[in-house]
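Peer 1: Provide a 3D model corresponding to the input given below.
(one chain, ligands or ions: 1)
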Amino acid sequence: MLDRSVTARDHTYPAAGLDVVEAVRDLSSRELAPIVRKIDGEGHYPEAVLRAFGRAGAFACHLPGETAGGGDLVTAIRAMAAAGEYCLSTSFCMWCQNALGWYIFASDNAELKTGLGRRVAAGDALGGTALSNPMKTLFGIEPIRLKGKRVEGGYVVRGALPYVSNLGNDHYFGAVFEADDAPKRFVMAIVPCAAAGVELSGDTKFAALDGTRTFSVRLRDVIIPDPLVLADPSDAFIKRIRAGFVLLQAGMGIGLVRGCIALMNQVKGPLGHVNKYLDVQPEHLAAQLGTIAAKVDRLAATPFESDQAYWRAVIEARLALSELALAAAHAAMLHCGARGYIANATAQRRLRESYFVAIVTPAIKQLKKMLADMAH
Ligand SMILES: Cc1cc2nc3c(=O)[nH]c(=O)nc-3n(C[C@H](O)[C@H](O)[C@H](O)COP(=O)(O)OP(=O)(O)OC[C@H]3O[C@@H](n4cnc5c(N)ncnc54)[C@H](O)[C@@H]3O)c2cc1C
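Peer 2: You can find the predicted model right below:
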């Protein structure tokens, strides 16, 4: 049975603003910290923690038109950062969940909002987003991988995507396909993993982020009924949601950098007398992080701004955070030395995780292409 607070028409969410961040911080230290090695080493999916975050309101605060004050991306980012201080897999799963809710509540599909949307907002229904491929297609990097045939009452969709995370048999994800009827266009919809013809396969072992339930997804003539469509055509919709999609990823980067700074500070006692000769010190990283996080906060206050200068600033902030994540994880390794180099050390895990911030769509190379394309 669903929690009354998210199914009734006069629904309320459990907490707002700082309360949500504090709740996630508290849950992370008590319930996430003890299992981070299991997540990293055994590919354990932190489902119970994610659902607890959902009950604490972590997946609801950024949803436009849904919570008091509406669309508070800053809180959502801070909550993801609080978990990301311990574990990037968990922070990324939170982002997947937040992106799914973001699409639903930014759409005009009222039925999806009051139905699946509220279950996603509460962490009762889990899921993610298959937008890497279309995000690359729209910026001229690769062809679209899903194709849809218009039929009475919906679409029949087929194709394959190499990686989609935070999935399971009863999960959902947002996807974009090319429709075959005129005019030529892309359509964005929700795909239930339980729909006939959806096949998840997952024997890939990743360098990190292995606890994210990341699958290859094949769609074999999957029926997507019109009530699951978010936008048709979807180009304008994707333009509307793209800044939020990118800015919400900041939580992962901020959390990871904070975690690396904490590692450097932890070894100050035994190793400070020699670590002080290293070029990058935790204070430098903290100052750089403060500047980027303040910029993210400003940008996240107006996620639907359509101005090109705004979009450029979003891309620049995301790029700066990717580069800072790599620099911070590298510095943490140098500061921790041999104790960071042992197989289950936190520093080496954070180093592997940091590359994910740099390669998840939009990857550093895509961000640099986008900036170069804007120049002419
Ligand atoms: C752990 C993990 C989780 C991810 N979760 C999601 C998700 O939830 N949703 C989502 O949409 N995307 C997801 N991705 C994809 C991710 O966002 C990037 O698209 C991906 O890392 C590649 O981006 P890139 O720009 O570096 O492209 P490149 O690495 O340059 O790749 C370009 C294309 O090569 C193909 N390719 C990928 N892997 C291989 C391979 N092993 N061999 C041959 N070709 C390959 C793919 O079609 C890819 O799009 C995930 C990736 C990883 C590693």
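Peer 1: residues in contact with residue 159?
Peer 2: Residues in contact with residue 159 (C-beta atoms under 8 Å, 6 or more residues apart in numbering) are 145, 146, 147, 177, 218, 219. C-beta coordinates here come from the backbone N, C-alpha and C atoms, glycine included.
Peer 1: same question for residue 280.
Peer 2: By C-beta under 8 Å, 6+ apart, the neighbours of residue 280 are 327, 330, 331, 334.
Peer 1: related to what we said a few turns ago, most neighbours of all the contacts of residue 159, which one?
Peer 2: residue 177 (28 neighbours; other C-beta atoms under 10 Å).
Peer 1: quickly find the element holding the closest residue to residue 132 other than its chain neighbours.
Peer 2: The shortest distance from residue 132 to any non-neighbouring residue, by C-beta to C-beta, 6 or more residues apart in numbering, is to residue 361 (3.8 Å). Assessed by DSSP states H and E, residue 361 sits outside every helix and strand.
Peer 1: residue 361 contacts residue 131, correct?
Peer 2: Yes: Residue 361 is within contact range of residue 131, at 7.2 Å (criterion: C-beta atoms under 8 Å).
Peer 1: who has more neighbours, the two?
Peer 2: residue 131 (24 against 19).
Peer 1: re the thing from before, can I get the contacts of residue 159 in TSV with secondary structure?
Peer 2: Formatted as TSV, the contacts of residue 159 follow (DSSP: H, G, I helix; E, B strand; the rest coil):
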residue	secondary structure
145	coil
146	strand
147	strand
177	strand
218	strand
219	strand
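Peer 1: what would the residues you listed look like in TSV with pLDDT and distance to residue 170?
Peer 2: Shown next, in TSV, are these (pLDDT from 0 to 100; distance: C-beta to C-beta, whole Å):
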residue	pLDDT	distance to residue 170
145	98	24
146	98	21
147	98	26
177	98	22
218	98	18
219	98	17
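Peer 1: just the closest of those residues to the ligand, please.
Peer 2: Distance to the ligand, by C-beta to the nearest ligand atom, is smallest for residue 145 among the contacts of residue 159, at 7.2 Å.
Peer 1: contacting residues for that closest one?
Peer 2: 133, 159, 160, 161.
Peer 1: pLDDT value on the nearest residue to residue 231 once chain neighbours are set aside, please?
Peer 2: Of all residues not flanking residue 231 in the chain, residue 237 sits nearest, at 3.4 Å (C-beta to C-beta, 6+ apart). We have a pLDDT of 98 for residue 237.
Peer 1: how many residues are close by residue 376?
Peer 2: The burial count for residue 376: 4, using other C-beta under 10 Å.
Peer 1: swap in residue 71?
Peer 2: 22.
Peer 1: show me the contacts for it.
Peer 2: 62, 63, 64, 65, 303.
Peer 1: my read: the third one touches residue 104, true?
Peer 2: This means residue 64. No: checked against C-beta under 8 Å, the pair residue 64 and residue 104 is beyond contact range at 10.0 Å.
Peer 1: more neighbours, those two?
Peer 2: residue 104 (25 against 20).
Peer 1: and the gap between that one and residue 76?
Peer 2: Distance from residue 104 to residue 76, counting by C-beta to C-beta, to the nearest Å: 14 Å.
Peer 1: what's the answer for residue 367, then?
Peer 2: Taken as C-beta to C-beta, the span from residue 367 to residue 76 is 21 Å.
Peer 1: what's the answer for residue 57, then?
Peer 2: Counting by C-beta to C-beta - residue 57 and residue 76 are separated by 10 Å.
Peer 1: of the two, which one has the most company?
Peer 2: In terms of neighbours (other C-beta under 10 Å), residue 76 is the more surrounded of residue 57 and residue 76; the figures are 31 against 27.
Peer 1: state the phi and psi torsions of the nearest residue to that one once chain neighbours are set aside.
Peer 2: The shortest distance from residue 76 to any non-neighbouring residue, by C-beta to C-beta, 6+ apart, is to residue 62 (3.7 Å). When read as degrees, to the nearest 10, the backbone of residue 62 gives phi -90, psi 0.
Peer 1: ok, the residue nearest the centre of the chain to residue 53 distance?
Peer 2: Compute the mean C-alpha point of the chain, and by C-alpha atoms, centre = their mean the closest residue is residue 95, 2.5 Å away. As judged by C-beta to C-beta, residue 95 and residue 53 stand 12 Å apart.
Peer 1: follow-up on the earlier one: in strands only, show me the contacts of residue 280.
Peer 2: In this view, the contacts of residue 280 have no member that belongs to strands under DSSP state E.
Peer 1: can you pick the most crowded of these?
Peer 2: Of the contacts of residue 280, with other C-beta under 10 Å as the count, residue 331 tops at 24 neighbours.
Peer 1: would you map the helices across the stretch 101-250 of the chain?
Peer 2: Along the stretch 101-250 of the chain, counting by DSSP state H, counting those that start in this stretch, helices occupy 110-112, 118-121, 132-138, 235-248, 250-266.
Peer 1: is stretch 171-181 anywhere near the ligand?
Peer 2: No: using C-beta under 6 Å from any ligand atom, we find that stretch 171-181 stays clear of the ligand, coming within 7.6 Å at best.
Peer 1: may I have that stretch exported as CSV, CA atoms only?
Peer 2: What follows is stretch 171-181, C-alpha atoms only, in CSV (Å, rounded to 0.1, in the frame of the first residue of the first chain):
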residue,chain,number,x,y,z
HIS,A,171,11.4,0.2,-12.1
TYR,A,172,10.8,2.9,-14.8
PHE,A,173,13.0,5.0,-17.0
GLY,A,174,12.6,8.1,-19.2
ALA,A,175,13.6,7.5,-22.8
VAL,A,176,13.6,9.2,-26.2
PHE,A,177,12.8,7.5,-29.5
GLU,A,178,12.4,8.7,-33.1
ALA,A,179,8.9,8.3,-34.4
ASP,A,180,8.5,6.9,-37.9
ASP,A,181,5.4,8.9,-39.0
